[in-house]
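1. The sequence and its predicted three-dimensional model are supplied below.
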Amino acid sequence: MITLASDFGSPYPAAMKGVMLSETDAQLHDIAHDLPRQNIRAAAFWLRETIPYFPPAVHLAVVDPGVGTDRRALVVRVGEHAVVAPDNGLARPVVRRLADQQSKPTVSAFEITSATPESATFHGRDVFAPAAAAVHQQDHSRLADLEILEPIALEGCVDLTFPDPTVDGETIHGEVIVVDGFGNVITNVPGEHIAGAEWATLEGRSTPVVETFAAVKSGERLLTVGSHGYVECDVNRGRGDDAFGLSAGERFELVVER
Amino acid sequence: MITLASDFGSPYPAAMKGVMLSETDAQLHDIAHDLPRQNIRAAAFWLRETIPYFPPAVHLAVVDPGVGTDRRALVVRVGEHAVVAPDNGLARPVVRRLADQQSKPTVSAFEITSATPESATFHGRDVFAPAAAAVHQQDHSRLADLEILEPIALEGCVDLTFPDPTVDGETIHGEVIVVDGFGNVITNVPGEHIAGAEWATLEGRSTPVVETFAAVKSGERLLTVGSHGYVECDVNRGRGDDAFGLSAGERFELVVER
Amino acid sequence: MITLASDFGSPYPAAMKGVMLSETDAQLHDIAHDLPRQNIRAAAFWLRETIPYFPPAVHLAVVDPGVGTDRRALVVRVGEHAVVAPDNGLARPVVRRLADQQSKPTVSAFEITSATPESATFHGRDVFAPAAAAVHQQDHSRLADLEILEPIALEGCVDLTFPDPTVDGETIHGEVIVVDGFGNVITNVPGEHIAGAEWATLEGRSTPVVETFAAVKSGERLLTVGSHGYVECDVNRGRGDDAFGLSAGERFELVVER
């Protein structure tokens, strides 16, 4: 099984699929191809929140503003999973999450050292897709035997982390990680901080803390623990980003009312 | 085979796919994940118009404004098909259509009684996807043996029907069911009512009745029997909803000119 | 394996998939369903740039402004590939490209002569999908044995070609073939014409010729050889069509600075 994720829109991913299907009969499953364009941080979040639900697979992920520069192309093996991605931090959060899921994770990293690609601007098709197909066809304990892979230290690769919030009693200084396609504002505040509360003040405005969107009227604001386990700022049948005036990367103060 | 339909956009459906692929090696096929958001009525129409073309399969369908409330989660078996959906009417039109396709349909309904889901807001991933995978792995004649399913009466579930038009000779009072992504206005008037006519007056304006879009000039209005078998108000290479000023739920008067 | 491409948006392609899966257990892979609507020329370009990366397969492609008129429906066999499409030129560029890939290509064309379709407006579902399934199930060397196919001469089918640029020394008169979803302006000028140059003047404005987007600052214009092998007019992290004021079909003058 190979999963695909990119910011390529349409129809470019089809060329990647064709390249892979010419080398392997793996099942292909799309994660998304409308990841926020050239936004490594948001894409890394979505990869971490979707890929770990899959059974062991090769995960091809390309959001690559540095395509054609000397940034490296990586394969990171995590147990029976393998992530194929540019060395720009994109793969790091999901690799950590996959490792956390396993009791004795084996994590090893490789640089893809394939020959000059056909194009300088579409390494998804010319570098990452062939590598993902080759990794899929290889016994994962013997990835080092692949000619196109050279072992490297994961520690030397570009890292990317999401900041922890600052917690002072019931006052929390948090940050918006991403806004989803429906305008739900996903923060870095773990849901446990609002557990049991009925109200919390966000940026000076008291807002109900609820378990479901339907707990408030249509068009009204709410705070809830979203499906990722974090505090989300949402609006029932509306857009939380517009109502709260929050976008990715913004910081806010949240005071839980007890 | 499992089909998936939702209003989740991207990338949320990927988590549902991962959950199912962890439990089954079923083929997955997307119906759509851009069903009109939280619009049960429009989504029910599209399910009815697409799912019956598939061979026997499990059909996961989630448009669920009441997620996290006490609305029930259902599995409805129809012969060799099974529909997995919230109990909000979404599944009823396609269930009727699937039953109509079969000579001796066996229809039975079950409530999904699985344990507390991981999240209160993403039952697609935490309730419906695991149930769809379990149903896929089970002999359909023995669904009652699944621990997560409890037999219930379909009659007690939320129903949803599309109204029939009122027909008085050549004067028809109809309603718009949905507008598709291209602006084609799909009504509840069966195509037979305009069969053989060359013109019909819609809301006071005489409009050609044609078999194909190309029968009128680019930008001109037309009435035709669409691929769903209903009268559609369209514009060749344009948007029917804009030209006719009609949207979902609106009523209109149509007078067929004979 | 069957690939699908159309301008049908969502959820219409699902009906085509259901129809095919009722007749065959072929793997289905989407090329795209958001091809530029009713734009045969742009769609033909994208088919040519994606389908040849696939292994031998049946390729269903429907962009069909003339649906329901007397335009023919075609199957074109090219070696082990088969393209199923309306006779409007859509298939011709990819057929030529597939033939060029093979040492001794066997190209043969057939008209689909199936009975009256269920609808006059959705031949994707009612004519092309059943034909694609039937072709998939048939030995390609015996397509003529299929009752729904009648051999015809490919030369008699509607053709579609992309114009060559006019080259006079370092002055090139080219044309925009398509603009992709990110605003990249893809021209008909083969990349070799700017190979080795560092600057070129497009419509009177000197622009850097680079290998990668990242070679210029964010928001700045560039000329590069895109992944299709043609000169592209792009903007790093921006839209080339807006910056250059160019859209599909427009002509321009490019002077390479040596």
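-> Everything's here; your move.
2. Which elements pack onto the lengthiest strand in chain A?
-> The longest strand of chain A (DSSP state E) is strand A:171-179. Secondary-structure packing of strand A:171-179 (3 or more Cβ pairs under 8 Å, 6 or more residues apart in numbering or on different chains; DSSP states H and E): helix A:40-50, strand A:166-168, strand A:185-190, strand A:251-257. Using the backbone N, CA and C atoms, a C-beta is placed for each residue, glycine as well.
3. next helix or strand past the longest one?
-> Sequence order places strand A:58-62 as the next helix or strand after helix A:40-50, per DSSP states H and E.
4. Report the mean confidence score over that next one.
-> Averaged over strand A:58-62, pLDDT sits at 98.
5. Mind listing the strands that strand pairs with, and their directions?
-> strand A:2-6 (parallel), strand A:81-86 (parallel) (DSSP bridges).
6. neighbours around A:Val95, how many?
-> Neighbour count of A:Val95, defined by other Cβ atoms under 10 Å in any protein chain shown: 28.
7. Could you tell me which residues make contact with it?
-> Under the criterion of Cβ atoms under 8 Å, 6 or more residues apart in numbering or on different chains, the neighbours of A:Val95 are A:Val76, A:Val78, A:Val83, A:Val107, A:Leu154.
8. Confirm that it sits in a helix.
-> Yes. Judged by DSSP: H, G, I helix; E, B strand; the rest coil, A:Val95 forms part of a helix.
9. State the pLDDT value of it.
-> On the pLDDT scale, A:Val95 gets 98.
10. Quick check: it vs C:Thr116, distance?
-> For A:Val95, the distance to C:Thr116 equals 56 Å [Cβ to Cβ, to the nearest Å].
11. what's the closest non-adjacent residue to whichever residue of the stretch 51-200 of chain A sits closest to chain B?
-> Using Cβ to the nearest Cβ, the single residue of the stretch 51-200 of chain A nearest to chain B is A:Tyr53, 3.0 Å away. Nearest non-adjacent residue to A:Tyr53, counting by Cβ to Cβ, 6 or more residues apart in numbering or on different chains: B:Gly18, 3.0 Å away.
12. which residues sit in contact with that neighbour?
-> B:Gly18 neighbours (Cβ under 8 Å, 6+ apart): A:Thr50, A:Ile51, A:Pro52, A:Tyr53, A:Phe54, A:Pro55.
13. gap between A:Thr55 and C:Gly79?
-> That one is not Thr; residue A:55 is Pro. 36 Å.
14. sorry, that was for A:Asp126
-> 24 Å.
15. again, but for A:Phe8
-> From A:Phe8 over to C:Gly79 the distance is 28 Å, taken as Cβ to Cβ.
16. Then A:Met1?
-> 29 Å.
17. next one: A:Gly18
-> A:Gly18 is 16 Å from C:Gly79, by Cβ to Cβ.
18. Check A:Gln138 too.
-> For A:Gln138, the distance to C:Gly79 - Cβ to Cβ - is 30 Å.
19. Would you state the predicted confidence (pLDDT) at A:Leu202?
-> According to the model, A:Leu202 scores 95 on pLDDT.
20. For the residue lying closest to it once chain neighbours are set aside, grab the count of nearby residues.
-> Leaving aside its chain neighbours, A:Leu202 sits nearest to A:Leu254 (5.3 Å; criterion: Cβ to Cβ, 6+ apart). A:Leu254: 23 surrounding residues under other Cβ under 10 Å.
21. who touches A:Leu254 in this structure?
-> A:Thr171, A:Ile172, A:His173, A:Gly174, A:Val189, A:His193, A:Ala200, A:Thr201, A:Leu202, A:Val231.
22. Beta-bridge partners for it, please?
-> Residues in a beta bridge with A:Leu254, per DSSP bridges, are A:Ile172, A:Leu202.
23. Now the residue of the stretch 101-250 of chain A found nearest chain C: phi and psi?
-> Here the residue of the stretch 101-250 of chain A nearest chain C is A:Phe122; by Cβ to the nearest Cβ that distance is 3.4 Å. With angles defined as degrees, to the nearest 10, A:Phe122 sits at phi -130, psi 60.
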